[in-house]
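Colleague: everything below, folded, please.
(one chain, ligands or ions: 1)
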Amino acid sequence: MSEYREFLTKDGSCSLKSLFFQENFHSSLGALEETKIKFTAPSDLQRFKGESLSVLDICFGMGYNSASLLDKLIKQKSYLNLYALEIDKKPLEYSLSNKSFLKLWAPKVKKIFKSLYQKDYFEDQFFQCRILWGDAREKISSIPSDYKFDLIYLDGFSPQKCPQVWTIEFLSKVTEKLNSQGSLITYSSSAAVRKTLRNLGLEIFSIKPNFNNRTFWSQGTIAISKFDKNKLEPNCIFEKLSLMEEEHLLTKASIPYRDQDLNSSKEDIIKKRLDEQLSSNLLPTKKWREKWGMTKLSFKS
Ligand SMILES: C[S@@+](CC[C@H](N)C(=O)[O-])C[C@H]1O[C@@H](n2cnc3c(N)ncnc32)[C@H](O)[C@@H]1O
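Modeller: Residues are numbered from 1 along each chain as shown. As a prediction, this is how the structure comes out:
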C-alpha cells in the first residue's frame, strides 16, 4: 500500500490518497457523504424496488459507490447485474481489511467484495457481479457488446490528473453502453466532460449543490441517453444547467480531451488539449470566471 496514504474524512469515513495520481479518492469533507450525494441519491434507486437493474461502476477504487448501491438494493430486494472496471486491486484490498468501512454496509456487501477480490465474480439469487481488472479503456470492450446499463458511475480521478477516462473516444464507448433513458452519473462538472457528453447526444443535467456545502455550484453531472421528458422528469436532485453553467460550455474549458486510439499517455492527452486551447477562438475561461465571480475554490471540476 506504499502508493496510497489513508486519511479520515470529516464525516468520519476513511479514504485514500493516491501518491501516483497525486489526488484523493474522495473529498476531505466526507467519502460516505460524497458517495450518497453524488452517486446514490441521483440514481433514484427506489424506482427499481423489487425489480432488476444493470449498473457499470467505472473506477471502482475502494468500492464506496458499489457498496452504497448494493446496500440499498439488498434492503429493497432488487435484482442487480453489476460490472465494475478498475486498474488496481489494492484499494479493494484496503477496504476489505478496514473494519470501519465494512461496518457502513449490510454484511452481505463484505461477502460480495471478498468474492470480487478473490474470484472477480459473485452470484446469488439477487445479484450477479463481475469486476474486470485493468485499464478501463481496454476492459470496457470485454463487456458483451449487446449488454446495456441503466446506470453508469464514472468516478475517475479529475480530468487534469487522469484524462484517460474523460476523453471523447472513451466517453463515446461508455455512453454506447447506456440503455435508452439510462444515466451516466459523475461528480465532474468539467465543461470539457459536459460538452463531450452533450455532443455525444445525451441530455445533460447538473446535480444540485447540497445545503451543507454551498461553496461548489454543482455536485456533478447526470447525462441521460435518448432522454424522453415524458418518461423521466428532472427531479429535486438534478436540474437543467444554469445560464452560468451553459456559458461555461462556450469557453476554452469546454475543449475536449482526445485519445484517438485509446492508448495515449496522460501527458499526450493534456498537451494535445492545451495546443487546441491555444489556437481556439473560444472565450478564455478566465473571462467567464470573472463575469460570474468565480473563485478557484468554487471551481472544482
Ligand atoms: C477517485 S478513485 C475512485 C474512487 C472510488 N469510486 C471509491 O469509492 O473508492 C479513481 C480510481 O480509478 C482507478 N483508475 C485510474 N486509472 C484507471 C484506468 N485507466 N482504468 C481503470 N481504473 C483506473 C484508480 O486506481 C482509482 O482506484
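Colleague: can you list the residues of this structure near the ligand?
Modeller: Neighbours of the ligand within the chain, by Cβ under 6 Å from any ligand atom: 25, 59, 61-65, 85-88, 91, 135-137, 155-157, 162, 164-165. All C-beta atoms are positioned from the backbone trio N, CA, C, and that covers glycine.
Colleague: what sits up against stretch 244-252?
Modeller: Here stretch 244-252 makes contact (Cβ atoms under 8 Å, 6 or more residues apart in numbering) with 189, 191, 194-195, 198, 206, 217-218, 241, 254, 277, 280, 282-285, 287-288, 291-292.
Colleague: could you look up the SS state of residue 273?
Modeller: helix (DSSP: H, G, I helix; E, B strand; the rest coil).
Colleague: tally of neighbours for it?
Modeller: 20 (other Cβ atoms under 10 Å).
Colleague: what residues are up against it?
Modeller: Residue 273 neighbours (Cβ under 8 Å, 6+ apart): 163, 192, 255-258.
Colleague: identify the farthest-apart pair in the residues you listed.
Modeller: 163 and 255 (11.8 Å; Cβ to Cβ).
Colleague: and the closest residue to residue 219 other than its chain neighbours, what pLDDT?
Modeller: Spatial nearest neighbour of residue 219, chain neighbours left out: residue 207 (4.0 Å); criterion: Cβ to Cβ, 6 or more residues apart in numbering. We have a pLDDT of 91 for residue 207.
Colleague: correct me, but residue 207 touches residue 238?
Modeller: Yes - using Cβ atoms under 8 Å, residue 207 is in contact with residue 238, at 5.1 Å.
Colleague: quick one: the helices in the protein?
Modeller: 31-35, 41-43, 64-75, 90-96, 99-102, 107-119, 136-139, 168-176, 191-199, 243-248, 266-278, 285-291 (DSSP state H).
Colleague: got phi/psi on the closest residue to the ligand within the stretch 1-150 of the chain?
Modeller: Nearest to the ligand, among the residues of the stretch 1-150 of the chain, is residue 61, at 2.7 Å (Cβ to the nearest ligand atom). Dihedral angles of residue 61 (phi, psi; degrees, to the nearest 10) stand at phi 60, psi -130.
Colleague: quick one: residues contacting the closest residue to it other than its chain neighbours.
Modeller: The shortest distance from residue 61 to any non-neighbouring residue, by Cβ to Cβ, 6+ apart, is to residue 91 (4.6 Å). Residues in contact with residue 91 (Cβ under 8 Å, 6+ apart) are 4, 16, 25, 60-63.
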